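Asks: Model the structure of this input:
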Amino acid sequence: MLYGYIGKLLFVDLTTGAIKEKKLTKDLTENFIGGYGIGAKILYDMIPADADPLGPENVFGFMTGPANNSRAFFGGRYTIVHKSPVTNGWNDANSGGYFGPELKKSGYDALFISGKAEKPVYIYINDGKVEIRDAAHLWGLDCKEVWEALKKETDEKVRISAIGPAGEKLSLISCPINDGHRAPGRGGGGAVMGSKNLKAVAVRGTQKTELAHPEKLMEINKRLTAAFKENPVFGAMQLYGTGLYNTPSALSGDSPVKNWGGVGVSDFGEENAKNIGPEGMEKFKLRRYNCSQCPMGCGAELKVTDGRWPLEDTERPEYETVCSFGTNCLNADTESLFKCNELCNRAGLDTIAAGMTVSWAMECFNNGVLSKEELDGIDLTWGNSEGIVALTEKIANGEGCGQILQHGTEYAAKHYDKGQEYLMTASGIELPMHDPRYAPGLARIYQHDPTPGRHVKGGIGGLHMANAQPGDKYDYKGTGELDLQCAAGTEITNTTGFCIMGAGVGVGGDVINEYMEAITGNPMTAEDAFKIGVRVFTMRHAFNLKAGKKMNDVVISGRPIGHPPLTSGPNKDRDIDNVLLAKNFFEAADWNYETGKPSLEMLQKLGGMEDVIADLYGEGVLA
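Replies: All right, here's what the predicted structure looks like:
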């Protein structure tokens, strides 16, 4: 028995209507664990190298991990996987809420969707019964409306992942939304679902996941519960969520300001920084929100009773959303931040990319690159909250200039043939809201992770953000080994289905290894975890190599890495050597820096990479 897994993978071809089950094999779980580990292996085999990301040959996967439906604390995350229409390479995006564990309860460890339906459909899975249902009546509804409709149509307890109007219009910054406000946001997943005429996946189930040592798992939970009571970060996150960091990050140099060209202490200011933090948000709070299996509950539901943008039962925007629409637009109007968050959740938009698109348009407007007429008469003076909301509505609806901006900044710059100097991207993906000039290790992650432009991937950038690395973080000598170790550790967190926020309160590598033994029955040493983490990282990277991605395709904008450096503020004169950081990492991983090709010896040592070896070095090597 595969403890910790249902043991079944589901494959749905929307072109033919074929529905097939395959057994989840032991070698897949041992080599790749779950989540995007197994997803990368299967998509590497299934998707042709030249597949159009918005064509029927692309495969869209919903992936669970062994922690899902196990009762392990912080074990409620799931991942979507597909070829990205933004980068034309590998994409994965992670989300919390309740969808992942419910997919597992419905009878499957993963769902893979290929082909394209002739008309809008949704997939309904209920305790192993799978249906492709007509979704014509759902087309045009926003993500929250779809959930309410499917509760009535299927089961009141159903969980869904659905696209909104943005995904239907194939917006390149669109994403599916689960539980009304949780988003696997990056890389254009909503457009891929929309290209398949797939409105939603709805899941409901009662199946249990068999655990190897349930009593040991509960002992770990009990021990952690006692530790949480003494952990000040746990208590603060319960109260304020990721918003705990809004104010200090805006002033320290961690948060980007004014489309990455400004300084928090001078351009944004202390009063504005306070207003976008708990001091300005808590008065709107209704209740806490916990994701599945989460003892902390860092989310919250809000209510705005009056003002320009009253909202009933909306959700508190996370740190990334607040920064993208806030510090990066010089906007401290909290109610506008709530409104933009709600617009994105309903339309099915990645809030990081949407906010970055607004800040790009603002810099273009303020520097005379885009006119008021080109922006449908919207005044985008820095900090103008009404203009920010108005432009976000245009993007969410795909109307007027929003027809262009709904595809993100690089698409818009190409369309208008101007504004390229204000792009803040990594391989076409808008950058997340932590500044490499403050945490230099992020430069390597943003540029060279197989899924570029991510803040939830591993590396020494995380240590730099927390100021937790011994010595000078701007000394780049010998960073490779530690960078690789951190990357591998985060791969384990993501593939198992744990939340990276748990690491901040003690649910990190050693505890996850303990949980994995309790769940699966297989001991996981630090050495085991490192090897599996590197294997998963390499498989994601191999997908890009197969797709024809070259090293000169892997780029990052200059301004966020200090090219040129800022002349004032906490990050003054910081000029990040992204090339040396990458070379150090590639050397530690035993990859060729010029080609990105892993060495044959490294692939053989990892094991489980036979397909990759054959593709890169020829079938004869395996003989």
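
Asks: looking at it, residue 179 is touching residue 159, isn't it?
Replies: Yes: using CB atoms under 8 Å, residue 179 makes contact with residue 159 at a distance of 6.7 Å. The way it works is simple: take the backbone N, C-alpha and C, and place the C-beta from them, glycine included.

Asks: how would you label residue 485: helix, strand or coil?
Replies: Assigned by DSSP: H, G, I helix; E, B strand; the rest coil, the conformation of residue 485 is helix.

Asks: which ones are touching it?
Replies: Residues counted as contacts of residue 485 (CB atoms under 8 Å, 6 or more residues apart in numbering) are residue 530.

Asks: returning to what we had before: which residues do residue 179 and residue 159 both contact?
Replies: Here residue 179 and residue 159 have 97-99 as joint contacts, going by CB under 8 Å, 6+ apart.

Asks: and the helix or strand bottoming out on mean pLDDT in the chain, what does it pack onto?
Replies: Scoring the helices and strands of the chain by mean pLDDT, DSSP states H and E places helix 278-281 at the bottom, with a mean of 92. Using 3 or more CB pairs under 8 Å, 6 or more residues apart in numbering; DSSP states H and E, the elements in contact with helix 278-281 are helix 232-240, helix 246-252.

Asks: So which residues of the stretch 51-200 of the chain form strands?
Replies: 60-63, 78-83, 90-95, 110-114, 121-126, 129-134, 159-162, 177-178, 198-204 (DSSP state E, counting those that start in this stretch).

Asks: for the stretch 301-450 of the chain, same thing?
Replies: With DSSP E, counting those that start in this stretch as the criterion, the stretch 301-450 of the chain has strands spanning 311-315, 425-426, 429-430.

Asks: From residue 351, how far out is residue 343?
Replies: Distance of residue 343 to residue 351, computed by CB to CB, to the nearest Å: 9 Å.

Asks: Please say which of the two ends up with more neighbours.
Replies: residue 351 (27 against 22; other CB atoms under 10 Å).

Asks: For that one, which non-adjacent residue is spatially closest?
Replies: Of all residues not flanking residue 351 in the chain, residue 321 sits nearest, at 4.1 Å (CB to CB, 6 or more residues apart in numbering).

Asks: List the contacts of that neighbour.
Replies: Listed by CB under 8 Å, 6+ apart, the contact set of residue 321 reads 337, 340-341, 344, 351-352, 355.

Asks: So which of the strands of the stretch 51-200 of the chain is nearest residue 590?
Replies: When the strands of the stretch 51-200 of the chain are compared by CB to CB, strand 90-95 sits nearest residue 590, at 20.0 Å.

Asks: mean confidence for the closest one?
Replies: Strand 90-95 carries an average pLDDT of 98.

Asks: hang on, the earlier thing: and the contacts of residue 321, which are buried?
Replies: 337, 340-341, 344, 351-352, 355 (16 or more other CB atoms under 10 Å).

Asks: so which of those comes closest to residue 548?
Replies: Nearest member of those to residue 548, counting by CB to CB, is residue 352, at 26.6 Å.

Asks: ok, the closest one - contacts?
Replies: Contact analysis of residue 352 by CB under 8 Å, 6+ apart lists 185-186, 320-321, 324, 430, 432-433.

Asks: which residue sits closest to the residue nearest in space to the middle of the chain, ignoring its sequence neighbours?
Replies: With distances taken as CA atoms, centre = their mean, residue 93 lies nearest the centre of the chain, 3.8 Å away. Among residues not flanking residue 93 along the chain, residue 184 sits closest, at 3.5 Å (CB to CB, 6+ apart).

Asks: Ok, residue 459 next?
Replies: In space, residue 459 is closest to residue 445, 4.5 Å off (CB to CB, 6+ apart).

Asks: Could you check how far the one you found is from residue 605?
Replies: Per CB to CB, residue 445 is found 24 Å from residue 605.

Asks: just residue 115 next, same as before
Replies: Using CB to CB, one gets 38 Å for the distance from residue 115 to residue 605.

Asks: quick one, which of the two is more surrounded?
Replies: Neighbours were counted for residue 115 and for residue 605 using other CB under 10 Å; residue 115 has more, 19 against 13.

Asks: Distance of that one relative to residue 442?
Replies: According to CB to CB, residue 115 and residue 442 sit 38 Å apart.

Asks: can you check residue 156 too?
Replies: Applying CB to CB to residue 156 and residue 442 gives a distance of 43 Å.

Asks: Same question for residue 384.
Replies: Per CB to CB, residue 384 is found 29 Å from residue 442.
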